[in-house]
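Chemist: Here is my input; please provide its structure:
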Amino acid sequence: MTLERRAEMAGKAANYRREAQAALAGLHEPQLRVARDFLSYLRLVESNDPTLEIMANQQMMDDIRTSRADWRAGRRSRFTPLEKLKRHA
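Modeler: Residues are numbered from 1 along each chain as shown. All right, here's what the predicted structure looks like:
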């Protein structure tokens, strides 16, 4: 990931934090408990860094979308059969 992309993501994250803090300030106690539990869940999921890295890579996400469209359209010739991959492993 480029430094420019990292800086862009850091700026967005700072904005999201401010928006979240403003939203939390207006919640009542039961809603805050739900928010706290959800944030705990997100911390657990955050440990899945490879997924986050893929999702942050726009080119990779475009490739995934293209491959899904190809599969749905029946363009199977664009894919490598599993048997062929196993022979080269």
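Chemist: next structured bit after the lowest-mean-pLDDT helix or strand in the chain?
Modeler: Of all helical and strand segments in the chain, the minimum by mean pLDDT, DSSP states H and E falls on helix 49-56, at a mean of 80. Counting by DSSP states H and E, the next helix or strand C-terminal to helix 49-56 is helix 58-72.
Chemist: Quick one: distance of that following helix to the chain centre.
Modeler: Centroid separation for helix 58-72 versus its chain: 15 Å, with Cα atoms, centre = their mean, to the nearest Å.
Chemist: Let me know the average pLDDT across it.
Modeler: Per-residue pLDDT over helix 58-72 has a mean of 94.
Chemist: So which residues make contact with that helix?
Modeler: 54-55, 78-79 (Cβ atoms under 8 Å, 6 or more residues apart in numbering). All C-beta atoms are positioned from the backbone trio N, CA, C, and that covers glycine.
Chemist: Starting from it, tell me the next helix or strand along the chain.
Modeler: Counting by DSSP H and E, what follows helix 58-72 is helix 82-87.
Chemist: How far off centre is that next one?
Modeler: So, by Cα atoms, centre = their mean, the centroid of helix 82-87 is 29 Å from its chain's centroid.
Chemist: for stretch 45-59, same thing?
Modeler: Put simply, stretch 45-59 sits 5 Å off its chain's centre (Cα atoms, centre = their mean).
Chemist: And stretch 13-22, by the same measure?
Modeler: Relative to its chain's centre, stretch 13-22 lies at 18 Å (Cα atoms, centre = their mean).
Chemist: CA atoms only for that stretch, dumped as CSV, please.
Modeler: Provided in CSV are the C-alpha atoms of stretch 13-22 (Å, rounded to 0.1, in the frame of the first residue of the first chain):
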residue,chain,number,x,y,z
ALA,A,13,-10.5,6.9,10.0
ALA,A,14,-10.1,10.1,12.0
ASN,A,15,-13.4,11.4,10.5
TYR,A,16,-15.2,8.2,11.3
ARG,A,17,-14.0,8.4,14.9
ARG,A,18,-15.3,11.9,15.3
GLU,A,19,-18.7,10.9,13.8
ALA,A,20,-18.9,7.8,16.1
GLN,A,21,-18.1,9.9,19.2
ALA,A,22,-20.8,12.4,18.2
